[in-house]
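[1] Below are the sequence and a predicted model for it; my questions follow.
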Amino acid sequence: MNSAQFKIVILFSLSTILGCAPPDLQSQGVVREVERVQPQQVAIAKEQPSFTPPREKAASAMEPAPARGGTDRAIQYPSTGVREWDPYNLTDTDIFATKTNTDWALLDAALALRADGRHGEAITVLEMVLAGPSPADAIWDSSRHSACLALSEIYHEQRGDLRSALRFATLSRDKYPYRSSCGLDAMAQQQIVEERIASLTQQLSRGSVQRR
């Protein structure tokens, strides 16, 4: 293939990827000539996936997945459910594509289960987040903290189990505290947890007095 033919192949490949062929090439019948000279190159160019700008890709990653099916897949196969459920859409090559990544995928699946009224399954998934070893490579990971608070809310609001709600709220403060590089953010979250613990303690105290 001479240099002129090579230039034609490159030009045609680019025009194919962009979804159009230059009119002058079509009118001169050069497209047919290119396919004759380099059919494999043309086929590859036609099969190239369309480019998605990073911002559009990030926006599409934030769209909610179906509550059913996707959650079941994330529960049974958390390593393959990560891309669907992780809010940051991390890939297997990212630095945090470890258990931390899987924990957040399971967390999102649990929240979808709760919204779908499947509270028992949501509890099971949240307990899966707490069951494994703490991720050593995620200094600011707060997936366990979030799981404890979610468990506290489910036991309180959906199950009416104040003792379990208080137990998990206390765990979110003492064993799995919120981690953040921002001091104000950490203080604000700590205040939320303290208020929740105080409220649950007060409700339990009132309940014990009424039973007497």
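    Sure, I can see it. Numbering: from 1, shown residues only.

[2] quick check: domain ranges of this structure?
    The chain breaks down by automatic domain parsing into domains covering 3-47, 53-138, 142-212.

[3] mean pLDDT for these: which is lowest?
    Confidence, taken as mean pLDDT, is least for domain 3-47 of the domains of the chain (a mean of 46).

[4] From residue 157, how far out is residue 150?
    11 Å (Cβ to Cβ, to the nearest Å). Placement of C-beta: from N, CA and C, glycine included.

[5] Enumerate the positions of the longest helix seen in the chain that are buried.
    Using DSSP state H, we find that the single longest helix of the chain is helix 183-211. By neighbour count with 16 or more other Cβ atoms under 10 Å, helix 183-211 contains the buried residues 186, 189, 193, 196-197, 200.

[6] which other helices and strands contact it?
    Judged by 3 or more Cβ pairs under 8 Å, 6 or more residues apart in numbering; DSSP states H and E, helix 183-211 is in contact with helix 143-153, helix 162-174.

[7] switch to 7 Å and redo it
    Contacts defined by 3 or more Cβ pairs under 7 Å, 6 or more residues apart in numbering; DSSP states H and E place helix 183-211 against helix 162-174.

[8] so which of the buried residues of helix 183-211 comes closest to residue 130?
    Nearest to residue 130 among those, counting by Cβ to Cβ, is residue 193 at 16.1 Å.

[9] surely the closest one meets residue 171?
    No. Assessed by Cβ atoms under 7 Å, residue 193 is found out of contact with residue 171, at 10.1 Å.

[10] Counting neighbours, what do you get for residue 170?
    When neighbours are counted by other Cβ atoms under 10 Å, residue 170 registers 17.

[11] With residue 117 as the reference, measure out to it.
    Here residue 170 is placed at a distance of 27 Å from residue 117 (Cβ to Cβ).

[12] same thing with residue 196?
    To residue 117, residue 196 is 23 Å away according to Cβ to Cβ.

[13] what do you get for residue 183?
    In terms of Cβ to Cβ, residue 183 sits 38 Å off from residue 117.

[14] do the same with residue 125
    Noted for residue 125: a distance of 14 Å to residue 117, by Cβ to Cβ.
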